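**Q** output the structure for:
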Amino acid sequence: MSELERRALLGVAGIGAVAVLAKMSAAGPLNPPAGSVAATGKTLEEIANKVARTDAGSAEPRTPVSASTTPGTAAFAFRITQPGSYYLTGNISPGALGGIEIASPRVTLDLNGFTISGSGAGTAQGVLASSTQTSIVVKNGRVTGFGGSGVSVSGSSSVVQDLHSSGNGAGGSGSGISLPGAGSRVDRCQATDNAGVGILVGTDSMIIASHALRNSGNGFSLSAGSSATSCVATDNALDGFNGGAACIGCVSRSNNDDGFASSQLIDSCVAQSNGDDGVTSCSAVHRSAMVSNTGGGATVVDLVTDSKLDGNVGGGISLATGGAAHRCVLESNGSGTQNASIGGTGSRCIISHNVVSFGGPGIAPSNQSIIENNLVFSSGLTTNISAGISAGPGSMVRNNAVYSASGAGYLLTTGCVVIGNIADGNTGGTYVTSSGTPLIGPVISTPASMATAGALSNFNV
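**A** As a prediction, this is how the structure comes out:
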């Protein structure tokens, strides 16, 4: 490059720099205006109220519930007609009207910690979505004082969570929370003092970590295939839990009727001080406690295992036909000559490896049952004049031990096979025949006789 070309290039660069500086100087003063500095953007709360997270994790705009965005009808103060996410900006008191009607599927309604309060008149409902509106979510607030149900969402695949529904149904028999649609979920909710059922769900649904208290119907009502997990039912006028496939880790206490009724599985649950049975008409009871119920501990059940039954006035375990009771501990169930610790009208049962301290009859199943490897002894009640083990016709009684019964140790009838048992201190006799001719192995009662004892011998020590 020649000297002339170099100078020309530097000249062009200098002109460009001057132009840039001139433009910058025309942009305005750099000094801030006088006075305090104020925010000009939106607050985090304002942003949160405009944006919600969906299950997919993507953001969507939220709409406030108001007269302009969700205008009401003659029956409801507000009506949602489009899919999307909606939220309350304050408490709602619609008077004699219902609160919010959801007339569209795929709606999320966030009460935002606020309360929807009814007047108690008529059958108006706090939140209503019909069965055609599916995939509804209602959450995070309170609904109280409506003549009908507090929350009634009938469409399938719906969710109610973190919600308290109380004092509803005065105009009829409205529920606290009702989700009769299939595949729905109630999570971390509470239903108190409602005129009907506390919490109700449809088929194949779930209730998780929820509480039903002082409702005039059942605490929880579950349909086929549904489950309740880690829930508590207290002081309800009917059953604590009714129906469903499973109740797991639940507590049912001081309900006027049964603790658990008509379920397939009761696992790791407690039924205490209920007005009727602790558990009734259930298929299987496992690792549970039934204590101080006015009725029986577990009645008309198919299988009871690894459970504790204590102080149930109406008896301990009442088995259905073909039922079984294994590895249970029973103490002071039944009274006098009534209500056996383990019994029932069902035939062909298996009762094994239980420990029974009995207040009424000890073990007394119906006919053609197997009673084996049980330990039975009197609870010491002076009214107890019953046998430790009463075997129905055609039963097998083997390898049991009965101690200190005020009645007979073993009360036997026609066709019973009685082998390998032990009896001691039973004031009403040891191996007593009530009717017919049971088949009783040799009874060994003195040490000298032990030398001739065979595998079929019974013992009176």
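**Q** how about the helices in the stretch 351-461 of the chain?
**A** With DSSP state H, counting those that start in this stretch, there are no helices along the stretch 351-461 of the chain.
**Q** thinking D277 is in contact with L309, fair?
**A** No. If you go by C-beta atoms under 8 Å, D277 and L309 don't touch, sitting 11.1 Å apart. The C-beta positions use only the backbone N, C-alpha and C, and glycine is treated the same way.
**Q** would you point out which residue is most central in this protein?
**A** Closest to where the C-alpha atoms of the chain average out (C-alpha atoms, centre = their mean) is A228, at 3.2 Å.
**Q** point me to the helix or strand that includes that one.
**A** A228 is located in strand 227-229, with elements delineated by DSSP states H and E.
**Q** show me how far that strand is from its chain's centre.
**A** 4 Å (C-alpha atoms, centre = their mean, to the nearest Å).
**Q** who does the helix or strand following it touch, helix- and strand-wise?
**A** Using DSSP H and E, the helix or strand that follows strand 227-229 in sequence is strand 232-234. Strand 232-234 is packed against strand 211-213, strand 251-253, with contacts defined by 3 or more C-beta pairs under 8 Å, 6 or more residues apart in numbering; DSSP states H and E.
**Q** ok, L163 touching C189?
**A** Yes. L163 lies in contact with C189 (C-beta under 8 Å); the separation is 4.9 Å.
**Q** can you list residues touching both of the two?
**A** I177 (C-beta atoms under 8 Å, 6 or more residues apart in numbering).
**Q** please report how far A391 lies from T192.
**A** Noted for A391: a distance of 49 Å to T192, by C-beta to C-beta, to the nearest Å.
**Q** strands paired with the strand holding A228, and their directions?
**A** Strand 227-229 pairs in its sheet with strand 206-208 (parallel), strand 246-248 (parallel), by DSSP bridges.
**Q** tell me the buried residues in the first one?
**A** It stands for strand 206-208. Within strand 206-208, the residues that count as buried by 16 or more other C-beta atoms under 10 Å are 206-207.
**Q** same thing with stretch 443-457?
**A** So, applying 16+ other C-beta under 10 Å, buried residues of stretch 443-457: 443-444, 457.
**Q** from these, which ones fall inside strands?
**A** 443-444 (DSSP state E).
**Q** and of the buried residues of stretch 443-457, the nearest to R214?
**A** Closest approach to R214 among the buried residues of stretch 443-457 (C-beta to C-beta): V443, at 57.2 Å.
**Q** what sits up against the strand holding A228?
**A** Residues outside strand 227-229 that contact it (C-beta under 8 Å, 6+ apart): 205-210, 220, 222, 241, 244-250.
**Q** also stretch 426-435?
**A** Contacts for stretch 426-435 (C-beta under 8 Å, 6+ apart): 385, 387-388, 390, 402-414, 418, 421, 423, 440, 443, 458, 460.
**Q** show me where pLDDT drops low in the stretch 201-350 of the chain?
**A** Applying pLDDT under 70 to the stretch 201-350 of the chain picks out residues 335-339.
**Q** same deal with the stretch 351-461 of the chain?
**A** Residues of the stretch 351-461 of the chain that meet the cut-off, pLDDT under 70, sit at 358-360, 379-385, 448.
**Q** recalculate using a threshold of 80.
**A** 358-361, 378-386, 406, 447-453 (pLDDT under 80).
**Q** just the buried ones from the contacts of stretch 426-435?
**A** By neighbour count, with 16+ other C-beta under 10 Å, those hold 385, 387-388, 390, 402-413, 418, 421, 423, 440, 443, 458, 460 as buried.
**Q** which members of the residues you listed occur in strands, if any?
**A** 390, 402-403, 410-412, 418, 423, 440, 443, 458, 460.
**Q** quick check: the farthest pair among those residues?
**A** So, these by C-beta to C-beta: farthest apart are Y403 and I440, at 18.7 Å.
**Q** so which strand or helix has F78?
**A** strand 76-80.
**Q** gap between the next helix or strand along the chain from that strand and the chain center?
**A** Remark: after strand 76-80, the chain's next helix or strand is strand 84-87, criterion DSSP H and E. Remark: strand 84-87 is offset 30 Å from the chain centroid, using C-alpha atoms, centre = their mean.
**Q** do the same with stretch 404-421
**A** In terms of C-alpha atoms, centre = their mean, the centre of stretch 404-421 is found 41 Å from the chain centre.
**Q** start to end distance for it?
**A** 15 Å (C-alpha to C-alpha, to the nearest Å).
**Q** and the longest strand for this protein?
**A** From DSSP E, the single longest strand across the chain is strand 317-326.
**Q** can you pull the buried residues of that one?
**A** Buried, per 16+ other C-beta under 10 Å, within strand 317-326: 317-320, 323-325.
**Q** can you name every helix or strand that that strand contacts?
**A** Partner elements for strand 317-326 (3+ C-beta pairs under 8 Å, 6+ apart): strand 298-305, strand 342-343, strand 350-352.
**Q** who touches it?
**A** Contact partners of strand 317-326, identified using C-beta under 8 Å, 6+ apart, comprise 296-306, 309, 328, 330, 340-354, 365-366.
**Q** that's all I had, so thanks and see you.
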